[in-house]
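Visitor: Sequence isn't available, so here's the structure alone:
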């Protein structure tokens with residue numbers, strides 16, 4: 001599975017601080033069996049949409065973003081993602097929000113989406129290291145099956 005990691009951060013993209021969640025996400029996806037490219041670091045807004053479209057046209061099986069899913073006015077990753085996906089997969093996003101809710105009650109404030117664009121699975125994760133860990137804990141066990149289904153595979157018997 002080819003995976004692209006996109007970090008959405010105005011400050012990291014401007015060089016104000018180093019991206020921490022993107023490299024962690026890339027490492028965890030590699031451990032889950034993906035051949036990973038990135039992280040590509042972009043500011044929030046229109047650059048997110050363009051990075052997603054570039055990844056879809058690049059033939060990636062999965063694109064996972066980190067950052068831009070909160071409630072601040074500049075958190076626009078879900079809006080940009082909705083412009084790119086053709087079908088939402090709400091169960092993935094719901095499971096990610098609930099994964100560590102007892103320890104981190106604010107995880108339910110993430111507005112991240114999951115969906116399909118062509119033959120690519122796109123998933124938004126929060127910008128924190130903990131949110132990335134919790135998200136990949138949900139994604140890891142279902143990733144190969146989800147990608148296979150998007151590509152037209154049958155259910156295993």
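Guide: Alright, I've got the coordinates. No experiment lies behind these values; they were computed from the predicted model shown.
Visitor: average pLDDT across stretch 104-117?
Guide: Averaged over stretch 104-117, pLDDT sits at 94.
Visitor: How far does stretch 25-42 stretch from one end to the other?
Guide: 15 Å (C-alpha to C-alpha, to the nearest Å).
Visitor: distance between that stretch and the chain's centre?
Guide: 10 Å (C-alpha atoms, centre = their mean, to the nearest Å).
Visitor: buried stuff in that stretch?
Guide: By neighbour count on 16 or more other C-beta atoms under 10 Å, the buried set for stretch 25-42 is 25-26, 28-29, 32, 34, 36-42. In this view, the C-beta of every residue, glycine as well, is placed from N, C-alpha and C.
Visitor: Quick one: mean pLDDT over that stretch.
Guide: Averaging pLDDT along stretch 25-42 yields 98.
Visitor: which outside residues touch that stretch?
Guide: With contact meaning C-beta atoms under 8 Å, 6 or more residues apart in numbering, stretch 25-42 is reached by 1-9, 12-13, 19, 22-23, 48, 50-51, 60-62, 64, 66, 125, 132-133, 136, 139-140, 143-144.
Visitor: measure stretch 56-64 end to end?
Guide: End to end - C-alpha to C-alpha - stretch 56-64 spans 12 Å.
Visitor: starting at the chain centroid, how far to it?
Guide: That offset, for stretch 56-64, works out to 11 Å (C-alpha atoms, centre = their mean).
Visitor: what does stretch 31-49 give?
Guide: Distance of stretch 31-49 from its chain centroid, counting by C-alpha atoms, centre = their mean, is 8 Å.
Visitor: Tell me the span between the first and last residue of that stretch.
Guide: End-to-end for stretch 31-49, by C-alpha to C-alpha: 27 Å.
Visitor: what's downstream of the helix or strand where residue 94 lies, the next helix or strand?
Guide: Element membership of residue 94, judged by DSSP states H and E, is helix 90-98. Next helix or strand after helix 90-98 toward the C-terminus (DSSP H and E): strand 114-117.
Visitor: how close does the spatially most central residue of the chain get to residue 19?
Guide: Centroid-nearest residue in the chain, with C-alpha atoms, centre = their mean: residue 64, separated by 2.6 Å. Using C-beta to C-beta, to the nearest Å, residue 64 is found at 14 Å from residue 19.
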